[in-house]
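Enquirer: Build me a model:
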Amino acid sequence: MVNKIYRESLEAIRDVKDGAVIMFGGFGLSGIPQNLIRALYEQGTRDITVISNNPGSRLGDTEYGLAILFKAGRVRKFIGSFPTATKSFKELYEQGKVELELVPQGTLAERIRAKGAGIGGFYVRTGAGTLLGSGKETRTIQGARYILEQPLGADFAFVKAYRGDVYGNLVYRYTGANFNPLMAMAADITVAEVEEVAGAGDIDPNTIHTPGIFVDRVVKGERYDRWYE
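Expert: Residues are numbered from 1 along each chain as shown. From the prediction side, this is the model:
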């Protein structure tokens, strides 16, 4: 078995090139890979496509998480469900400086799950007959109109778990088990930041949420800011 532990976040994402498509786990401020995001910002990677539920979060006048990448002009396109979560994204979009692919939240989760499960596509009622369904294949099923959605993958998935072991097995806590387990299965390379690193055999197999076969790298987060929404 291969030891997948990396010494620091910057080392774990060193090969992420400009133009990469990256999934970022999290829902609001819960379960976001904040150390990997900071490392990507420090590395200077740009022209990336971000796949995430939201482009960062806002508390009062301060924006957190992915917002630092958008504000620095590092993002070319955002694929997600809640683009209005930050003022900075709205301003960039209105100025034509970032592209947007709006995806309903349930559809976003299922597109990601479909990629990880090897499903070639699926029909869904959400968006049928609206601008979101424009140009997509349609089908009538039991008298209702459905549209065909495609699986959604990425070059990298940055996920955040509570514990991870040397083999990449992950355990999430509470709301941290949001998009993270799905994204871990849907990318070419999955990088997981964890709060605790466990030794081989220290995690009860019955408590593992993401098996290590889906995870390529594990790094212990250097710093965790505790935010409350």
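
Enquirer: By average pLDDT, which secondary structure element in this structure comes out worst?
Expert: One helix or strand of the chain scores below all others by mean pLDDT, DSSP states H and E: strand 57-59, with a mean of 86.

Enquirer: quick one: furthest residue from the center of the chain?
Expert: When distances to the mean C-alpha position of the chain are computed (CA atoms, centre = their mean), the maximum falls on G143, with 34.9 Å.

Enquirer: Tell me which residues touch that residue, please.
Expert: With contact set as CB atoms under 8 Å, 6 or more residues apart in numbering, G143 has no partners. (Each C-beta comes from the backbone N, C-alpha and C, glycine too.)

Enquirer: what about the least confident helix or strand of the chain, distance to the chain center?
Expert: 17 Å (CA atoms, centre = their mean, to the nearest Å).

Enquirer: Tell me which helix or strand comes right after it.
Expert: Going down the chain from strand 57-59, the next helix or strand is strand 62-64, by DSSP states H and E.

Enquirer: Now that next one: average pLDDT?
Expert: On average, the pLDDT along strand 62-64 is 89.

Enquirer: re the thing from before, could you list the paired strands of the least confident helix or strand of the chain along with their orientation?
Expert: Strand 57-59 pairs in its sheet with strand 62-64 (antiparallel), by DSSP bridges.

Enquirer: So for this structure, the centremost residue is which one?
Expert: Of all residues in the chain, the one closest to the mean position by CA atoms, centre = their mean is F24, 2.3 Å from it.

Enquirer: Excluding residues flanking it in the chain, which one is nearest it?
Expert: S52 (4.2 Å; CB to CB, 6 or more residues apart in numbering).

Enquirer: and if you look at K87?
Expert: Closest to K87 by CB to CB, 6+ apart is R58, at 6.5 Å.
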